[in-house]
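# Quick one: sequence plus predicted model below, questions after.
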Amino acid sequence: MNPQKIKEFLKSIKDTDIGEVRYQSDEDFFYFKKNDVSDVTRTTAVHIKNKIIQKEEKRLALTSIKSTTVGTFFNVQSNNNLPFVKEGDSIIIGQKVGQIEAMKIIKDVYSNAKGKILKVLVSNGQAVEYGQELFLINNTDDKN
């Protein structure tokens, strides 16, 4: 139910003897008590918007792993051709997900989030900047 329909409904019952209305569907729950229609409408519209935002946040909570330095990103271990991680892999906080080389110094890149790798944003051997996003992580709790 959108805010405009709610406003129209509240205006239609303004001059009636209806004092309270309860509405429930699979996605929404509304409770109106007749006081001041304008206050109820404004409060309800904000409540609906907040509820929609909360549902979207529960659906997909994204975090990114960013570069901590300038250099060349490597997703493949030097001693074999297996990647540290790939899209769809589950990772934990502190897990090594890549390396960045700058001036012959190699820095390991560690995960700062727990979840699944949704997208690898840089390719093996690509130059990266400080703060550049390397991985997109879906850290939505599976229970939600």
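Arrived safely.
# For Phe73, pull up the helix or strand it's in.
strand 71-74 (DSSP states H and E).
# same deal with Ile6?
helix 3-13.
# Quick one: distance of that helix to the chain centre.
32 Å (CA atoms, centre = their mean, to the nearest Å).
# other SSEs contacting it?
Helices and strands touching helix 3-13, by 3 or more CB pairs under 8 Å, 6 or more residues apart in numbering; DSSP states H and E, are helix 37-59. Bear in mind the C-beta positions are built from the backbone N, C-alpha and C, glycine included.
# Which strands border whatever helix or strand comes next after the helix it packs on, and is each parallel or antiparallel?
Later in the chain than helix 37-59, the nearest helix or strand by DSSP H and E is strand 62-66. In the sheet, strand 62-66 lines up against strand 133-138 (antiparallel) (DSSP bridges).
# Name the residues that touch the strand it pairs with?
In this structure, residues lying in contact with strand 133-138 by CB atoms under 8 Å, 6 or more residues apart in numbering are 60-67, 73, 85, 91, 97-98, 109, 111, 113, 115-122, 128.
# try 10 Å
With contact meaning CB atoms under 10 Å, 6 or more residues apart in numbering, strand 133-138 is reached by 59-68, 73, 75, 85, 87, 89-91, 97-98, 100, 109, 111-122, 126, 128.
# Same question for stretch 76-86.
Taking CB under 10 Å, 6+ apart as the rule, stretch 76-86 contacts 65, 74-75, 89, 91, 95-99, 101, 106, 108-109, 111, 117, 120, 124-125, 135.
# Just the buried subset of those, please.
65, 74-75, 91, 95, 97-99, 109, 111, 117, 120, 135 (16 or more other CB atoms under 10 Å).
# What's the separation between the residue lying closest to Glu133 once chain neighbours are set aside and Lys86?
Spatially, and ignoring its direct neighbours in sequence, Glu133 is nearest to Ser64 (4.2 Å; CB to CB, 6 or more residues apart in numbering). With distances taken as CB to CB, to the nearest Å, Ser64 is found 16 Å from Lys86.
# what does Asn80 give?
Applying CB to CB to Asn80 and Lys86 gives a distance of 14 Å.
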